[in-house]
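Participant: Okay, sequence plus prediction incoming.
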Amino acid sequence: MSNPNSLFELLHAAPGNHTAVILPEAGIQVTYDKLREQVMTMAGDLAALGIGRGDRVATVLPNGLPAIVSFLAASIAGTAAPLNPGYRQEEFSFYLEDTSARILLCPPDGAPEARKAAEGRVPVHSIEMDDSGFVRILDAPAQGTHSSAAPEPDEIALVLHTSGSTGRPKRVPIRHSNIAASARNIVNTYTLSPDDVALCVMPLFHVHGLVASTLSTLLSAGTVVVPAKFNPLSFWRIVRDHRATWYSAVPTIHHLLLSRSGKERPQGSESLRFIRSCSAALPPEMMHQMEQSFGAPVLEAYGMTEASHQMCSNPQPPAPRKPGSVGPGTGVRVSIMDAAGSHLGTEQRGEVVIQGPNVVAGYENNPEANAKSFTNGWFRTGDQGFLDAEGYLTLTGRIKELINRGGEKIAPREIDEVLLAHPAVAEAVAFGVPHATWGEEVAAAVVLREPQSESAILAHCRDRLADFKCPKKLYIVETIPRTATGKIQRGAVATALAGNRG
Ligand code: AMP
């Protein structure tokens, strides 16, 4: 592995004739030479469209080569800002404005809500892939390849958002050097090599799919197989056809695969060196079942947007992987801190704090969040846990308010605000409830000021919130339980109404 410090260097690290990306549905394979050529052409086109360093390029694309090429091109010409295609118009409006998007890239037919949000504010360009697997901006002025200097390591490659406890998502500016460090850590953890074939089933608008499955593969000169979306029916066929050596996913995906597996080991699974699980807690029982059914070691990892993804991972055999633990820090310093900022000892519970070249310097334009999140140079993750004598981290809970639905993070306050915007709703509180497939699911309680049906209120939510954020259960109540001091505690409301801790 070479030692790049930017996505430009990372893209140029591998031998040209090796296969970089495979699109299984389209039967397209793209070499590193071809990937580089189209990324640099699109970077040139973006420059011709006026995109310079720091300018945000919003993209709304399903998984596939267009998402990978536009991400790399945007981060080389300016800064990439990939958005979840599942958002509604209001959500797109927020993200386009909050990122100060200079341009929006969409498929030629699609992303109607994003296009509506951009109307009159942000120029929209369609990007298309031809039959040979070459992706281009359809209406770009012909410019050829990007000629300006490669980005510096401390320039912002990528802007993502994380759910904030205030309801407004926080903007996370990720530098080229942060991503390169994270990709390097992942390559080292799993000794990824040019012989590895990763199957990417996580979305490319999130660091899990982008950094763990895709960029670490490009850094190690391996091959990444990218279906348009996860489908449990075709999953093992793709693994078998392309001899995938690993995949990384949230427990929800492992659960869906397990629930379809029979007594026999799935055909194709013999090529898997390991399976990685990240972004939500993997129950030890599920880990055992997966190892038995799929015949490969299951390595649970711990990641976060602010750390450009990976912080910890269980190691490969023969080193021990511990069920229920997310493993030791992987090129990242991990410690446990109390509320006052003192470091705690082994086996003592407190907030997980981290340090490392993959960790961002701070949230953008958010001094309040930065003051809360950094203590003496340590980043506070908002997660709670302890370290054992061998340095393995076990997560025990969360300090931050967040619902983790199959790895998608949802700020309950954002749902409260949407519910409160309904004229019949006087009070609202959203919370998470345990769910067999999703880990956690969204529920909410409302106090009404005038009669209204549950379905009308849920329809109001669906118009304004991406599906994954909409409450699946709504409790219409007389009063919302409060503490003696009048505060709403989401966990207590969840227990009182749903009989579970949220
Ligand atoms: P994101 O920024 O979307 O990657 O979310 C990061 C958060 O996901 C972390 O702060 C944790 O709360 C959660 N998370 C990530 N990995 C795990 C894991 N293995 N077990 C439990 N929670 C996890």
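Facilitator: Now that the structure is in, tell me what you want to look at. Numbering: from 1, shown residues only.
Participant: how about the residue nearest to Ala426 when sequence neighbours are not counted, phi and psi?
Facilitator: Nearest residue to Ala426 in three dimensions, chain neighbours excluded: Arg449, at 4.1 Å (CB to CB, 6 or more residues apart in numbering). The C-beta positions use only the backbone N, C-alpha and C, and glycine is treated the same way. Backbone torsions of Arg449, given as degrees, to the nearest 10, read phi -100, psi -20.
Participant: if I read this right, Arg449 contacts Ala424, doesn't it?
Facilitator: Yes. With contacts counted by CB atoms under 8 Å, Arg449 reaches Ala424, the gap being 6.2 Å.
Participant: more crowded one of those two?
Facilitator: A direct count of neighbours by other CB atoms under 10 Å for Arg449 and Ala424 places Ala424 higher, at 16 against 12.
Participant: Next, work out how far apart the residue nearest to Ala426 and the ligand are.
Facilitator: As judged by CB to the nearest ligand atom, to the nearest Å, Arg449 and the ligand stand 35 Å apart.
Participant: With Ala157 instead?
Facilitator: Distance of Ala157 to the ligand, computed by CB to the nearest ligand atom: 16 Å.
Participant: ok, which stretches of the stretch 251-400 of the chain are strands?
Facilitator: Applying DSSP state E, counting those that start in this stretch to the stretch 251-400 of the chain gives strands spanning 274-277, 298-304, 309-313, 333-337, 350-355, 374-375, 378-387, 393-398.
Participant: Next one: the fifth one, is it in contact with the ligand?
Facilitator: So that's strand 350-355. No. Legend: contact between strand 350-355 and the ligand by CB under 6 Å from any ligand atom is lacking; minimum distance shown is 8.1 Å.
Participant: What pairs with that strand, parallel or antiparallel?
Facilitator: strand 333-337 (antiparallel), strand 378-387 (antiparallel) (DSSP bridges).
Participant: Contacts made by the shortest one with the rest, please.
Facilitator: Residues outside strand 333-337 that contact it (CB atoms under 8 Å, 6 or more residues apart in numbering): 311-312, 328, 343-344, 348-356, 375, 378, 380, 385-387, 391, 393.
Participant: which of those count as buried?
Facilitator: Buried subset of those (neighbour count, 16 or more other CB atoms under 10 Å): 311-312, 328, 350-356, 375, 378, 380, 385-387, 393.
Participant: Just give the number of residues close to the closest residue to Ala436 other than its chain neighbours.
Facilitator: Nearest residue to Ala436 in three dimensions, chain neighbours excluded: His255, at 7.5 Å (CB to CB, 6+ apart). For His255, the count of nearby residues is 22 (other CB under 10 Å).
Participant: The one 5 residues further on too?
Facilitator: A total of 12 residues lie near Arg260 under the criterion other CB under 10 Å.
Participant: how close does the residue in the stretch 201-350 of the chain that the ligand sits nearest to sit to Asn185?
Facilitator: Per CB to the nearest ligand atom, Thr305 is where the stretch 201-350 of the chain lies closest to the ligand, at 3.4 Å. Relative to Asn185, Thr305 is positioned 15 Å away (CB to CB, to the nearest Å).
Participant: swap in Arg273?
Facilitator: With CB to CB as the criterion, Arg273 and Asn185 are 18 Å apart.
Participant: of these two, who's got more company?
Facilitator: Asn185 (26 against 17).
Participant: looking at this, that one is in a helix?
Facilitator: Yes. Counting by DSSP: H, G, I helix; E, B strand; the rest coil, one finds Asn185 located in a helix.
Participant: Leaving out sequence neighbours, find the closest residue to it.
Facilitator: Excluding the flanking residues, the one nearest Asn185 by CB to CB, 6+ apart is Gly331, at 3.7 Å.
Participant: so what's the backbone phi/psi at Ala80?
Facilitator: The phi/psi pair for Ala80 (degrees, to the nearest 10) reads phi -80, psi 140.
Participant: where along the stretch 101-250 of the chain do the strands fall?
Facilitator: Counting by DSSP E, counting those that start in this stretch, the strands of the stretch 101-250 of the chain are 101-106, 124-129, 135-137, 156-162, 170-175, 197-200, 223-225, 246-249.
Participant: So which of these is nearest Asp45?
Facilitator: strand 135-137 (4.8 Å; CB to CB).
Participant: what's that closest one packed up against?
Facilitator: helix 32-48, helix 65-77, strand 124-129 (3 or more CB pairs under 8 Å, 6 or more residues apart in numbering; DSSP states H and E).
Participant: Need the strands of the stretch 251-400 of the chain in TSV (columns: mean pLDDT).
Facilitator: Output for the strands of the stretch 251-400 of the chain, formatted as TSV (pLDDT from 0 to 100):
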stretch	mean pLDDT
strand 274-277	98
strand 298-304	98
strand 309-313	98
strand 333-337	98
strand 350-355	98
strand 374-375	97
strand 378-387	97
strand 393-398	95
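Participant: wait, what's in contact with the residue nearest to Ala436?
Facilitator: Counted by CB under 8 Å, 6+ apart, His255 has contacts 286, 436-437.
Participant: Make a PyMOL selection of the buried ones in those.
Facilitator: Restricted to buried positions by 16+ other CB under 10 Å, the PyMOL selection for those reads:
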select buried, resi 286
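Participant: Out of the contacts of His255, list just those in helices.
Facilitator: Taking DSSP state H, the ones among the contacts of His255 that sit in helices are Met286.
Participant: any idea which of the contacts of His255 is closest to Val197?
Facilitator: Using CB to CB, the shortest approach to Val197 within those belongs to Met286, at 24.2 Å.
Participant: which of the contacts of His255 has the weakest pLDDT?
Facilitator: Note: of the contacts of His255, the lowest pLDDT belongs to Ala436, at 91.
Participant: I'd like to know how far that residue sits from Leu258.
Facilitator: For Ala436, the distance to Leu258 equals 11 Å [CB to CB].
Participant: Likewise for Asn188?
Facilitator: 29 Å.
Participant: show me what contacts Ser277?
Facilitator: Ser277 touches 248-251, 254, 287, 298-301, counting by CB under 8 Å, 6+ apart.
Participant: From those, list just the buried residues.
Facilitator: For the contacts of Ser277, buried by 16+ other CB under 10 Å: 248-251, 254, 287, 298-301.
Participant: burial measure for Met129, as a count.
Facilitator: Met129 has 19 nearby residues by other CB under 10 Å.
Participant: Just give the closest residue to it, not the sequence neighbours.
Facilitator: Among residues not flanking Met129 along the chain, Val135 sits closest, at 4.7 Å (CB to CB, 6+ apart).
Participant: same deal with Phe386?
Facilitator: Arg349 (4.9 Å).
Participant: List the contacts of the one you found.
Facilitator: Residues in contact with Arg349, defined by CB under 8 Å, 6+ apart, are 336, 384-386, 396.
Participant: and Val390, backbone torsions?
Facilitator: You called it Val, but residue 390 is Glu. In terms of degrees, to the nearest 10, the main-chain angles of Glu390 are phi -90, psi 10.
Participant: which ones are touching it?
Facilitator: Pro328.
Participant: change it to 6 Å
Facilitator: Contact analysis of Glu390 by CB atoms under 6 Å, 6 or more residues apart in numbering lists nothing.
Participant: So the residue nearest to Met129 sits against Ser70, correct?
Facilitator: No. Val135 lies out of contact with Ser70 (CB atoms under 6 Å); the separation is 7.1 Å.
Participant: Which residues of the protein lie near the ligand?
Facilitator: Residues of the chain lying close to the ligand by CB under 6 Å from any ligand atom are 162, 207, 278-281, 300, 302-305, 326, 381-383, 395, 398, 404, 409.
Participant: what do you get if the cut-off is 8 Å, keeping everything else the same?
Facilitator: 160, 162-163, 206-208, 277-282, 300-306, 309, 326, 381-383, 395, 398, 400, 402, 404, 407-409 (CB under 8 Å from any ligand atom).
Participant: of these, buried ones?
Facilitator: Listed as buried from these are 160, 162-163, 206-208, 277-282, 300-306, 309, 326, 381-383, 395, 398, 400, 402, 404, 407-409; burial here means 16+ other CB under 10 Å.
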